[in-house]
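Trainee: need coordinates for the following:
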Amino acid sequence: MLPSRSDLISTTAHTQLISLMEAVGDAVFQLNHKGEILYASKRAIDMINRGERLAGLPIFELVSLTDRLAIAVALAQAVESGEPTRINVRMNTSAAALWFEWQLTTYPTGHSEPEVLAVGRDISGQQATEERLRYMATHDELTGLPNRSLLSDRIRMAIAQARRTGKGFSLIALDLDGFKKVNDALGHPVGDALLRVAGGRLREALRDMDTLARVGGDEFVAVLPNAVDEHEVHLIGRRLISMMQLPFDIHGHTLYVSTSIGGAIYPEHGDSEVKLLAHADTAMYRAKETGKARCVIYNHQTFTLPEHDVSMEAAMFEAVRNGEFLLHYQPIVDARTRQIMGFEALMRWMRPELGTVSPVQFIPMAESNGLINLLGAWALKAACMQIRRFEEVVGRQLYVSVNVSPRQFRNNQFLEVMDDAIKLSGLQGKQLLLEITEGILMSDPEHAETLLTAITARNVRIAIDDFGTGYSSLAYLKRFPIDALKIDRAFIKDLPSSVKDAAICNVVLSLAKHLKLSTVAEGVENEQQLQFLATQGCTLIQGFHTGHPLLPEDAMEILKVEASHAMPLLPSTKKEFNAHFSCPAGFA
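Mentor: Have a look, this model is predicted:
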C-alpha cells in the first residue's frame, strides 16, 4: 500500500525539522511536555556521549543537580504560556559541567499536548569571563583575599544576622609593623610577595567562618562571627600575632615583621559598619602607639573624649550618614592685583535644630575616632570637583587648597584617594595645594619624605600651614619638597604696628623668596595689613578683608561679579559683598 499524501507531508515536515535541529544551536532537543527527550541532535549526542539512549530520557537528568528545579520551572512556564523561555543551566557532559543557555519554544503537534524545541548554546566561556570579572570586583588582585567592597557586604550580613539571632560578632583591624621598611629597602616585588605570604598566614590562623579582607597597603580587616567576648578576641589576636612573628623567607631574604591589632565588638562598640571600622582602626593605632605587636580592644571611656562629648561623637556618625557635613570656600587673592587665585576648602558641620558646630570641636574628635579618613577623602574629591565649576564661571584656571590631618597623612590609601580626586575632577596636579602642619613632618620624617616625594611627582603642591607656630625647624624646608608657606594669623593680627610681628613676617617672606617658595598670609582683616604684606613681597592674601568663607553658590556669585567687571574686585566692593554673604564668627 502506497503512503498517503498526508503521510508524505508529515514525513517531509519531520525531515525538515530534523535538518533544522542539526543546523541551529550547539545542542538541540525535541521534548514532550514532560521534558522527555524525543529526539537529540548529533551535536547534543556527541556532547553528552551517551549514544541513542538519550531518547526517552528526561532532560533534567542531563542537568546539574543544583539547576534541575530551575529548568523544570522554565519548561512548565514555556508549556503553559506558549511563549519562548530562556534559562541558563549547567549540563553534565562527557568533559565537564558546561554552562548552556537554553531557549524553550513550544509548537503544536496535532495532539492534545504540545512538544518543546530546546535550542542550547554553550556559554561556558562567557560565564567564566563574567565570573572572573565578578571575582576581580570583590577580591584583592595581589592576595586573592576579599577586598573592601566584599568586606562591606560581609559586615552588613553579619549585622543583619546578629540582629536576627541576638548574637554579636567582632571586627578586627590589622596592620603590619615594619612593612614600610621592607618595601623601601628591598623594593615592591619583595613587599608584594611578603603581603601575599602574610595574607595566607593570617587566613590560616582564622576560622573557616571568618572573613579576612585586604583593605589597602599592609592593612587587613577580619570579621569574626559569634566572637563577642573580649577574652576570645584577645586569644584570636595573640594567635595572629604569633603567626606573623615567625620569619618570612621571601626571594632569598629572611624577613621579620609583626602585626598590631585593634578590635571592636558589635553592638557594644558600634551598631553600624562605619562605627565598627572606625573604632577597630582607632584601637589598632593605639596598639601601634603603645609598643606594636599587640591586640587592643576599643573602649569608649579611654579612647574618646570625656563623657559629656560622647553624644556629640555619636551624632558625628549619624551626620556622615545624613550628609550634614559641607564645605565652605574662602578666597585666596593675589596680594598686588587683588585677583582671586584660588580657594581654601573649609569643612563645616551643620546640625539640624542646633546649628553650626565649630571645627575646633569636631576635627580633633574625627581625628581620634577615625572618621577623619572618610571625611577627608570626601572633602578632597568634593573640593576638586567644585573648583572646576568655579573655573567655568570665571573662565580661567584656579587652584584649591585642602587641609590634610595627621591621620590622613599616615593612611596608606591617601595617595589613591588623591589620585581619584584629580582624575574625577580633571584638575591638573598643580591646581591642588595640600596643607600640612610642621608637626606632621617632624613626627615621622622618613614617611613624610617618601609620601611628599610621591605627591610632588604628580605635580601636586605642598604648603606648610600655620608656619612658625610648630617645630619651626628650618631643616625641613631644605629636606622636604615644600612649595608654599602659610604665615599664621598670630603674626598678622597686630600688623603693621607690632615691631616684633613685622620683623617675623619680614624674615619669613625673605626666607621664602630666597627658597623660591610662595607665601600666603592668613587672617588679613584690614587694608593696612594687606598693604604692608604686599609691600614686603607676600604672594597671596587670605582673610576677612578679601573674602569670608562662602557656600559654593555664594562663591559663584562673587566670581560672576569679578568676571563681569573684567577685573578684580576692589576691597570696598568685596566688603559690601562680604557684608551680604557673611560667615558666622569663629569659622575663618
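Trainee: what number of residues lie near Q408?
Mentor: By the other Cβ atoms under 10 Å criterion, the neighbourhood of Q408 contains 25 residues. Placement of C-beta: from N, CA and C, glycine included.
Trainee: wait, what's in contact with it?
Mentor: Q408 sits next to 372-373, 376, 414 when contact means Cβ atoms under 8 Å, 6 or more residues apart in numbering.
Trainee: what's the answer for V394, then?
Mentor: The contact partners of V394, taken as Cβ under 8 Å, 6+ apart, are 340, 559-560, 562-563.
Trainee: could you rerun that using 6 Å?
Mentor: Contacts of V394 were listed using Cβ atoms under 6 Å, 6 or more residues apart in numbering, and they are 559, 563.
Trainee: got a pLDDT number for it?
Mentor: As predicted, V394 sits at a pLDDT of 90.
Trainee: quick check: bridge partners of the nearest residue to A484 once chain neighbours are set aside?
Mentor: Closest residue in space to A484, ignoring its immediate chain neighbours: A463 at 3.9 Å, by Cβ to Cβ, 6 or more residues apart in numbering. A463 has these beta-bridge partners by DSSP bridges: E435, A484.
Trainee: I'd guessed A463 sits against P481; true?
Mentor: No: under the criterion of Cβ atoms under 6 Å, A463 lies out of contact with P481, with a separation of 11.5 Å.
Trainee: compare those two (neighbour count), which wins?
Mentor: A463 (23 against 12).
Trainee: distance of the more buried one from T259?
Mentor: 35 Å (Cβ to Cβ, to the nearest Å).
Trainee: which residues touch the residue nearest to A484?
Mentor: A463 makes contacts with 433, 435, 484, 486, as judged by Cβ under 6 Å, 6+ apart.
Trainee: can you say which helix or strand has I558 in it?
Mentor: With the criterion set as DSSP states H and E, the secondary-structure element containing I558 is helix 552-565.
Trainee: okay, buried residues for that helix please.
Mentor: By neighbour count, and taking 16 or more other Cβ atoms under 10 Å as the criterion, the buried residues in helix 552-565 are 552, 554-556, 558-559, 562.
Trainee: each with direction, which strands does whichever helix or strand G263 is part of pair with?
Mentor: Counting by DSSP H and E, the secondary-structure element that holds G263 is strand 258-266. For strand 258-266, sheet partners with direction are given as strand 169-177 (antiparallel), strand 295-297 (parallel), following DSSP bridges.
Trainee: just the residues contacting whichever strand or helix holds V520, thanks.
Mentor: Secondary structure assigned from DSSP H and E places V520 in strand 518-521. Among residues not part of strand 518-521, those counted as contacts by Cβ under 6 Å, 6+ apart are 484-487, 492, 509, 512, 533, 538-542.
Trainee: in strands, which of those residues appear?
Mentor: Under the assignment DSSP state E, the contacts of strand 518-521 contribute 484-487, 540-541 to strands.
Trainee: closest to G468 out of the residues you listed?
Mentor: Distances from G468 to the ones in strands among the contacts of strand 518-521, taken as Cβ to Cβ, are shortest for I487 (6.9 Å).
Trainee: contact partners for that closest one?
Mentor: 467, 508, 521.
Trainee: just give me the neighbour total for the closest residue to A345 other than its chain neighbours.
Mentor: Here the nearest residue to A345 in space, its sequence neighbours aside, is A383; by Cβ to Cβ, 6+ apart that works out to 3.7 Å. Burial measure for A383: 24 neighbouring residues, criterion other Cβ under 10 Å.
Trainee: OK, contacts around A383?
Mentor: Residues in contact with A383 (Cβ under 6 Å, 6+ apart) are 345, 400, 402.
Trainee: closest to N88 among those residues?
Mentor: Distance ranking of these against N88, using Cβ to Cβ, places V402 first at 48.2 Å.
Trainee: identify the residues contacting that closest one.
Mentor: Under the contact definition (Cβ under 6 Å, 6+ apart), the residues listed for V402 are 345, 380, 383.
Trainee: which one of those residues is nearest L194?
Mentor: In terms of Cβ to Cβ, no member of the contacts of V402 lies closer to L194 than L380, at 29.6 Å.
Trainee: circling back: element containing the residue nearest to A345?
Mentor: Assignment of secondary structure by DSSP H and E places A383 within helix 371-394.
Trainee: in that helix, which residues are buried?
Mentor: With burial defined by 16+ other Cβ under 10 Å, the residues of helix 371-394 counted as buried are 371-384, 386-387, 390-391, 393-394.
Trainee: what does stretch 169-185 give?
Mentor: Residues of stretch 169-185 classed as buried under the neighbour-count rule (16+ other Cβ under 10 Å) are 169-177, 179-180, 182-183.
Trainee: let me see the mean pLDDT of it.
Mentor: In this model, stretch 169-185 has an average pLDDT of 91.
Trainee: who's in contact with it?
Mentor: With Cβ under 6 Å, 6+ apart as the test, stretch 169-185 has contacts from 158, 162, 191, 218-225, 227, 233, 255, 257-266, 276, 280-281, 284, 292.
Trainee: can I get the buried part of those residues as one PyMOL selection?
Mentor: Only the buried members of the contacts of stretch 169-185 end up in this PyMOL selection, burial being decided by 16+ other Cβ under 10 Å:
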select buried, resi 158+162+191+218+219+220+221+222+223+224+225+227+233+255+257+258+259+260+261+262+263+264+265+266+276+280+281+284
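Trainee: D192: what secondary structure?
Mentor: helix (DSSP: H, G, I helix; E, B strand; the rest coil).
Trainee: what sits closest to it if chain neighbours are left out?
Mentor: L142 (5.8 Å).
Trainee: surely S64 and A97 touch.
Mentor: Yes: in terms of Cβ under 6 Å, S64 counts as a neighbour of A97; the distance is 5.4 Å.
Trainee: circling back: just flag the most distant two among the buried residues of helix 552-565.
Mentor: By the measure Cβ to Cβ, P552 and E562 form the most distant pair in those, at 15.6 Å.
Trainee: can you pull out the helices in the stretch 401-550 of the chain?
Mentor: 406-410, 414-425, 438-443, 445-456, 475-479, 499-514, 527-535 (DSSP state H, counting those that start in this stretch).
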